[in-house]
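Engineer: here you go, sequence then predicted model.
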Amino acid sequence: MKISRDEVQLMFVKAKPFLAVVFLQAALAGMDIIAKAALNQGMSNYVFIVYRHAVATIVIAPFAFLLEKKIQRPKMTLVIFFKIMLTSLFGPVISQNLYFLGMKYTSATFIASMTNVLPAVTFVIACLLRHEKVKMTSTHSQAKIIGTLISIGGAMIMTLVRGPDLDLPWTRGNHQDHKNGEDLNNSIKGALMIAIASFAWAGFMISHAITLQTYPAALSLTAWICMLGTVEGAALALIMERGNSAVWSIKWDTKLLGAVYSGIFCSGITYYVQGIVLKERGPVFVTAFSPLSMVLVAVMSSFILSEQMYLGRVIGAIVIITGLYLFVWGKKKDYESPSVEDQEMSVHQSTNAGDAVNA
C-alpha cells in the first residue's frame, strides 16, 4: 500500500505535539542529571536558577526580536505584564527553587519519579479553574479521578516505602554512601518540596496557557518569562544567600555546564516549545508525559551518578505510571480533537443521533 506525500505530511502534523513533548522530557531528564551533579558540588540552588534564566534570556531575546519583528505583538498592558510576572513567579522562581532544593535531599531518580504526580495536580487545578470538564456519570471522567488518586498513592509509596536495595552491577560499592545520605527524613523533606513544586509548576502551565491567549507571541513571551524569572530569582537569591558572596562565583566546571544547558534547553527552548503545544493541546497534555523523563533519569543516574535503586521506589513508580495512564485513557477523547469546542461535539452527537434514526 503506497502512502501519498499528503498523507505523510498529515501524519507528521498529527505527530508533532507528541514529538515536541518527548523532546521536552528528554531535555528535562538531562537537566536532572547535570543539575544534581552541580548541586552535589555545592552550588546554591537559588544562584543556579538565576544563572539558568539569565542564560535563557541572553539566548532567546535576540531570536524573539528578529523572528517576531514583523509580527504585530499585542500591546504590553499592565494586565498582560502582571500575567507574565505571575507566570514567571510560579515557574522559574517558586517551582524550580523548591525542585532543586528537594533534589539536595534525595536523588535525581526520586525527584523525576515524584514529578509523575504533576499531570494529576494539573488536572485538579484545571478542574478548580474550570479549564477541565468532569462528569461524574462518565466513565472517562471516573478514570481521570481514579487515575489521579492512584498517582498520589504511588507517590506516597515512593516516599515512605524503601524496601531492599536492587543490586545492580554498576552501582555496587556505592550502597553505604547513599544509605547514609538518603534517610527517611530526607526523603520526606524532599517529597514535600517536590509536591509543592508540582503545584507551582501546574500553576505555571495553566498561567502560561492563559497568558498566551492575550499575548500569543510565543517567542517574545518566553523571553519575558526568562527575564522576569531572572530578576525575581535574583531578588530571592540575594535574600536567601545574603552575606555569602562566594556562592555567585562560577568556573569552567559542572556548575557552568548546568547553568548553560538548563538555560538554553530547559528554559529557553522548553518554554517556547511548551507554549506552542499548550496552544494546541492544553496544559494537561503537556504534563502527561512525565514518566518518560523518569525512565530516562533512572537509567542515566544509575550509570552516571551510580545512584542506588530501591524496590519501594520501583513499586511506587509502577503505581504512579498505572494511575497516569488510566488518567490519560480518560483524557483520550480530548486528544482526539484538541481544538474542538463543545459546539462541535454537540454537532457530532446530533449527526450520530440522526444516523441512528435513519437506520
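Structural biologist: Arrived safely. Numbers count the residues shown, from 1 in each chain.
Engineer: Ala234 contacts Val50, doesn't it?
Structural biologist: Yes. Shown here, Ala234 and Val50 form a contact pair, counting by Cβ atoms under 8 Å, at 4.9 Å. The way it works is simple: take the backbone N, C-alpha and C, and place the C-beta from them, glycine included.
Engineer: can you pick out the residue with more neighbours from these two?
Structural biologist: Counted by other Cβ atoms under 10 Å, Ala234 and Val50 do not tie: Val50 has more neighbours, with 25 against 19.
Engineer: distance check, that one against Ala218.
Structural biologist: 24 Å (Cβ to Cβ, to the nearest Å).
Engineer: gap between the helix or strand containing Leu212 and the chain center?
Structural biologist: For Leu212, the element it lies in under DSSP states H and E is helix 184-214. Centroid separation for helix 184-214 versus its chain: 8 Å, with Cα atoms, centre = their mean, to the nearest Å.
Engineer: ok, and for the next helix or strand after it, which residues are buried?
Structural biologist: Counting by DSSP H and E, the next helix or strand C-terminal to helix 184-214 is helix 218-240. The neighbour-count check on helix 218-240 (16 or more other Cβ atoms under 10 Å) flags 218-234, 236-237 as buried.
Engineer: what's helix 218-240 packed up against?
Structural biologist: Applying 3 or more Cβ pairs under 8 Å, 6 or more residues apart in numbering; DSSP states H and E, one finds that helix 218-240 contacts helix 45-67, helix 78-88, helix 184-214, helix 270-281.
Engineer: could I get these as TSV with mean pLDDT?
Structural biologist: Output for the helices and strands packed on helix 218-240, formatted as TSV (pLDDT from 0 to 100):
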stretch	mean pLDDT
helix 45-67	92
helix 78-88	94
helix 184-214	85
helix 270-281	84
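Engineer: nearest to Arg130, out of those?
Structural biologist: Checking those against Arg130 by Cβ to Cβ gives helix 184-214 as the closest, at 11.1 Å.
Engineer: report the buried residues of that closest one.
Structural biologist: Within helix 184-214, the residues that qualify as buried are 186-187, 189-191, 193-195, 197-212, counting by 16+ other Cβ under 10 Å.
Engineer: and the longest helix for the protein?
Structural biologist: In the chain, taking DSSP state H as the definition, the longest helix is helix 5-40.
Engineer: and it, how far from the chain's centre?
Structural biologist: 11 Å.
Engineer: where does the stretch 51-200 of the chain dip in pLDDT?
Structural biologist: 72, 109, 112-113, 116, 131-133, 159, 166-184 (pLDDT under 70).
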